[in-house]
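**Q** need a structure here:
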Amino acid sequence: MTSRASVALLRGINVGGRNPVAMRDLVECLEAAGFADVRTHLASGNVLFTARADRMSEARLEAAVETALHQRFGFEIPAIVRSRDAYAATIQQAPADHGSESLRSDVFFLKAPLTAAEVLAEMPELREGVDAIAPGPGALYFSRVKARATKTRIQKLMAMPVFTQMTVRSWKTATRLLELLDDGR
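**A** Okay, here's the model as predicted:
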């Protein structure tokens, strides 16, 4: 039986002392739920694993991960799951300057069925010459000029109700996760 490498991006754990989850417990939880090769990166909810390729769609994998986490930890932990190939497409389609030395760059991963077009339609005006946002597959690429980062207006997006359907990773973390997915192939 073939297996598929995937990543689960968890939202809202180990942030500001809220929703503490030990990485060892997270690994044990997902292994008990039937996932293989479970490992984490950093303590902010990045979980790499494999699942039988014929077993589930990304949506069903998300539901299985969320159910297992809720049963184990007793609170809701939203998860955004991407297969290695879907995740790679998101990273590869970033704007050419995303992650450059002059920028602070992040990827806002969107929980389906939310789309980049829906978020951009509601998006408040950003600060010209400071902020830049671009749509991608299942994500938004957000950058701000390092030298003017204190002038960003990204907090306006983060204050919107739709933000609860996203999770953010720095470009450095996002690209490292792809390297780790590829190392586990």
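**Q** Follow the chain on from the lengthiest helix in the chain and name the next helix or strand.
**A** Longest helix in the chain, counting residues (DSSP state H): helix 58-73. Next along the chain after helix 58-73, taking DSSP states H and E as the criterion, comes strand 79-83.
**Q** give me the low-pLDDT residue ranges for the protein?
**A** By pLDDT under 70, the weakly predicted segments of the chain are 1, 53-55, 184-185.
**Q** show me where the chain has helices.
**A** Under DSSP H, the chain gives helices at 23-32, 58-73, 84-92, 116-122, 154-158, 171-183.
**Q** Quick one: closest of those to Ser102.
**A** Ser102 sits nearest to helix 171-183 of all those, at 12.6 Å, using Cβ to Cβ. From N, CA and C alone the C-beta is placed, and that goes for glycine too.
**Q** Report the buried residues of stretch 76-90.
**A** 77-84, 87, 90 (16 or more other Cβ atoms under 10 Å).
**Q** of those, closest to Ala132?
**A** Nearest to Ala132 among the buried residues of stretch 76-90: Thr90, at 16.9 Å, using Cβ to Cβ.
**Q** separation between that closest one and Arg84?
**A** Thr90 sits 11 Å away from Arg84 when distances are taken as Cβ to Cβ, to the nearest Å.
**Q** swap in Leu9?
**A** 13 Å.
**Q** Give the full set of residues in contact with the closest residue to Thr67 other than its chain neighbours.
**A** Leaving aside its sequence neighbours, Thr67 sits nearest to Ala33 (Cβ to Cβ, 6 or more residues apart in numbering; 7.9 Å). Residues counted as contacts of Ala33 (Cβ atoms under 8 Å, 6 or more residues apart in numbering) are 64-65, 67-68.
**Q** ok, these vs Glu179, which is closest?
**A** Taking these together and measuring to Glu179 by Cβ to Cβ, the closest member is Val65, at 21.7 Å.
**Q** Name the nearest residue to Gly136, sequence neighbours excluded.
**A** Spatial nearest neighbour of Gly136, chain neighbours left out: Gln93 (5.0 Å); criterion: Cβ to Cβ, 6+ apart.
**Q** The one you found: how many residues sit nearby?
**A** Neighbours of Gln93 under the rule other Cβ atoms under 10 Å: 14.
**Q** Begin at 363 from now on, thanks
**A** With 363 as the first residue, the last one maps to Gln455.
**Q** one step back: just put the helices of the chain in TSV and tack on distance to Ala501.
**A** Below are those laid out as TSV (distance: least, Cβ to Cβ, whole Å):
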stretch	distance to Ala501
helix 385-394	23
helix 420-435	14
helix 446-454	5
helix 478-484	7
helix 516-520	13
helix 533-545	9
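**Q** that older thread, got phi/psi on the residue nearest to Gly498?
**A** phi -100, psi 10 (degrees, to the nearest 10).
**Q** any idea how far it is from Val469?
**A** 11 Å.
**Q** Give me the common contacts of the two.
**A** Contacts common to Gln455 and Val469, judged by Cβ under 8 Å, 6+ apart, are Gly498.
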